[in-house]
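[1] Attaching a predicted model along with its sequence, questions to come.
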Amino acid sequence: MGLFKKYVNQTRKPEGALGKMMLGGMNSGHAKLADWGMSHLSGISPKKIAELGCGGGRNAGELLKKYPDAALTAIDYSPLSVEKSTAYNDRFIREGRCSVRQGDVSSLDLPDDTYDLATAFETVYFWPGLEKCFSQVFRVLKSGGTFMIVNESDGTDETSLKYEKIIDGMKCYTAEELGSALKSAGFTSVTVDHHPQKPWITVTAQK
């Protein structure tokens, strides 16, 4: 496997030196996408947030700044991501507002009916079975809770589809595919917004 392919494959589960480089790039490279996604969170004041696939931890920190009365649980499959996210959010952890743990979204070790908001930035591409994973998110959300997915790819753009071919386990979903899986998992009021110039999508759904 060439160095470039080894590097881009770190997006799934960052490990080692290349993984550290990838996580640093995620925090800066995905900031504009994440902030655009968060701009869709209007009219809600969550007290408990689950940030799923937290990567380098930047988005967890931004959510805690956006909602100063909230507590957040950040989950990632990669131990290196947990380490990076923990370091990034040290202040919030010391304040008792943030916890970071390793976990698998297909079997979330989180209590039922607990969270007001769950977020997934640039991560559902790698989730092992959308309906199964979305059902887990549905389970941990309170009634009326919001689940927000933010993706750089709408499942049709050529660049992302090229990466899909070289990154192991990656699947770029269309808005329709995401919406169908969300409804199958029990979510209602699924809303999709496409960025006007980019293939970015934000999908929000309510329990």
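    That came through fine.
[2] what ranges do the helices span in the protein?
    3-8, 16-29, 31-38, 58-66, 79-88, 90-94, 130-140, 158-166, 175-184 (DSSP state H).
[3] contacting residues for the residue most central in space within the chain?
    For the chain, the residue nearest the mean C-alpha position is Ala120 (2.1 Å; C-alpha atoms, centre = their mean). By C-beta atoms under 8 Å, 6 or more residues apart in numbering, the residues touching Ala120 are Leu52, Gly53, Val137, Phe147, Met148, Ile149, Val150. Where C-beta positions appear, they are placed from N, C-alpha and C, glycine not excepted.
[4] The same query, at a cut-off of 6 Å, please.
    Leu52, Gly53, Ile149 (C-beta atoms under 6 Å, 6 or more residues apart in numbering).
[5] that older thread, the helices of the chain: which one's closest to Lys47?
    Shortest distance between Lys47 and the helices of the chain, using C-beta to C-beta, is found for helix 58-66: 12.0 Å.
[6] tell me which residues of that closest one are tucked away?
    Arg58, Asn59, Ala60, Gly61, Glu62, Leu63, Leu64 (16 or more other C-beta atoms under 10 Å).
[7] again with stretch 94-103
    Per 16+ other C-beta under 10 Å, stretch 94-103 contains these buried residues: Arg97, Cys98, Val100, Gly103.
[8] ok, the contacts of Ala120 vs Thr114, which is closest?
    Relative to Thr114, the closest of those is Leu52; by C-beta to C-beta it sits at 13.5 Å.
[9] Please name the bridge partners of that closest one.
    Leu52 has these beta-bridge partners by DSSP bridges: Ile75.
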